[in-house]
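# Turn this into a model:
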Amino acid sequence: MVFSSTLFLFLFLPIFFIFYFIAPSRLKNKVILLFSFLFYQWGAPTFVYLLLLITFIDFFIVQKMDQSIGKQRKQLLILSLLLNIGLLSYFKYANFFIENTNAILTAAGFKNIAWTHVVLPIGISFFAFETLTYAIDVYRRVHKPLKSVLDYYTYILLFPKLIAGPIVRFHEIADQISDRSTQDTFENRMIGFQRFVIGLAKKILIANVMATVADASFNASTTSIGAYNAWLGIIAYSFQIYFDFSGYSDIAIGIALMLGYRLKENFDNPYSSSNITVFWRKWHISLSSWLRDYIYIPLGGNRKGAFNTPTMCDDVQRTWSRICWPGIGAC
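Model prediction:
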């Protein structure tokens, strides 16, 4: 179910808002969780139950980790990371591994491995990023873990950001899950609705139109396309991918704001960047900053790696965490 579909716009979203706004405050998160489950089940009817199981197990691993110290604390962090990275790796790379293994076996004259092709579930990367963020933030003592598994499900399954982001860090949204009274205002709902409409316009009026032009150029014969149509296709595709992704981010941010959740911006006029470094910082901001703060800096950043830098508490990160060798930890 995509945000620009008639099913989402004229059936799912109106029904959701009716139930959400008539529900008392204590039940609003449960309404969000129920409809988020239905939203995801529509696109991944089988995987959603595995996701619920993995999330349930991970919740209690992190709860136990928060109550532990020393070696056991690190062991539980590693267990949580392996659980979520293993799930992501299986769905992302199992087919690739088996296909290449079979190619080697065939070349060597051996029998191929029997294999059922793995279907990649929608939103699996965003699910993994946010479960990893949860475990690492709790391990770093940036924020206490959620008290209820239903709240954890709400954080993971929140449907506006589930499929296309932006990636939400746990410590940035944790307090909003339990109490959004200061942000759940009429003004924010109107601002969120305006953002939702802008995002929808980006997707339908620009991205979809550009996609038609780009597809026509890319599907044309290389002998007949010509330089003009080739450049037209390239330019159209550039605008298509930006307005498609940016539009989805705007829709997610807008719907979330109508519910009282404030998500971070994901794009900042990347095509106006003066160089590729600036472009990387402005394109899919939630992903690039996540990779920087949860992978690049913990592994040493530009300081020749974690194994050559036993202690690397970064001044920039001191406001919310301190990172030490072997990569993910607290000083």
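# can you list the domains in the chain?
Annotated domains of the chain cover 6-178, 182-264 [automatic domain parsing].
# To Leu291, which of these lies closest?
Among the domains of the chain, domain 6-178 comes nearest to Leu291, with 9.3 Å by C-beta to C-beta. Backbone N, C-alpha and C define where each C-beta goes, glycine included.
# Quick one: end-to-end length of that closest one, please.
The stretch domain 6-178 measures 32 Å between its terminal residues, going by C-alpha to C-alpha, to the nearest Å.
# Over to stretch 272-289?
In stretch 272-289, first residue to last residue: 19 Å (C-alpha to C-alpha).
# which other residues reach that stretch?
129, 165-168, 245, 264-271 (C-beta atoms under 8 Å, 6 or more residues apart in numbering).
# ok, now with 10 Å
Outside stretch 272-289, the residues that touch it by C-beta atoms under 10 Å, 6 or more residues apart in numbering are 125-126, 129, 161, 165-169, 172, 241-242, 245-246, 249, 263-271, 290-292, 296.
# Now, of those residues, which are buried?
125-126, 129, 161, 165-169, 172, 242, 245-246, 249, 263, 266-267, 270, 290 (16 or more other C-beta atoms under 10 Å).
# quick revisit: format the domains of the chain as JSON lines; extra columns: distance to Ile285 and mean pLDDT.
Below are those laid out as JSON lines (distance: least, C-beta to C-beta, whole Å; pLDDT from 0 to 100):
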{"stretch": "domain 6-178", "distance to Ile285": "7", "mean pLDDT": "89"}
{"stretch": "domain 182-264", "distance to Ile285": "7", "mean pLDDT": "91"}
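# Turn those domains into TSV, columns for distance to Gly300.
Listed next are those as TSV, based on distance: least, C-beta to C-beta, whole Å:
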stretch	distance to Gly300
domain 6-178	16
domain 182-264	26
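# Which residue ranges of this protein form helices?
Along the chain, the stretches classed as helices by DSSP state H are 6-7, 13-22, 28-43, 47-66, 70-108, 124-139, 149-157, 159-162, 170-178, 186-201, 208-218, 226-258, 276-282, 285-291.
# just how off-centre is the second one within its chain?
Right, helix 13-22. Distance of helix 13-22 from the chain centroid (C-alpha atoms, centre = their mean, to the nearest Å) equals 24 Å.
# which of the residues in it are buried?
For helix 13-22, by 16+ other C-beta under 10 Å, it's Leu13, Phe16, Phe17, Tyr20.
# Looking at those, spot the one nearest Tyr237.
Lowest distance from Tyr237 to the buried residues of helix 13-22 (C-beta to C-beta) belongs to Leu13, with 29.2 Å.
# contacting residues for that closest one?
Taking C-beta under 10 Å, 6+ apart as the criterion, Leu13 is in contact with Phe3, Leu7, Phe35, Phe39, Phe159, Phe196, Ile255, Met258.
# Tell me the buried residues within those.
Phe3, Phe35, Phe39, Phe159, Phe196, Ile255, Met258.
# Next, count neighbours for the nearest residue to the first one once chain neighbours are set aside.
By that I understand Phe3. Closest residue in space to Phe3, ignoring its immediate chain neighbours: Ile251 at 4.7 Å, by C-beta to C-beta, 6 or more residues apart in numbering. Residue crowding around Ile251 was assessed by other C-beta atoms under 10 Å; the count is 25.
# now Ile251: how far from Ile32?
Separation of Ile251 from Ile32 (C-beta to C-beta, to the nearest Å): 16 Å.
# do Trp290 as well
Going from Trp290 to Ile32 by C-beta to C-beta gives 23 Å.
# same deal with Ile191?
19 Å.
# Just want to know which of those two has more residues nearby.
Neighbour tally, Ile191 and Ile32, criterion other C-beta under 10 Å: the higher count belongs to Ile32, 23 against 15.
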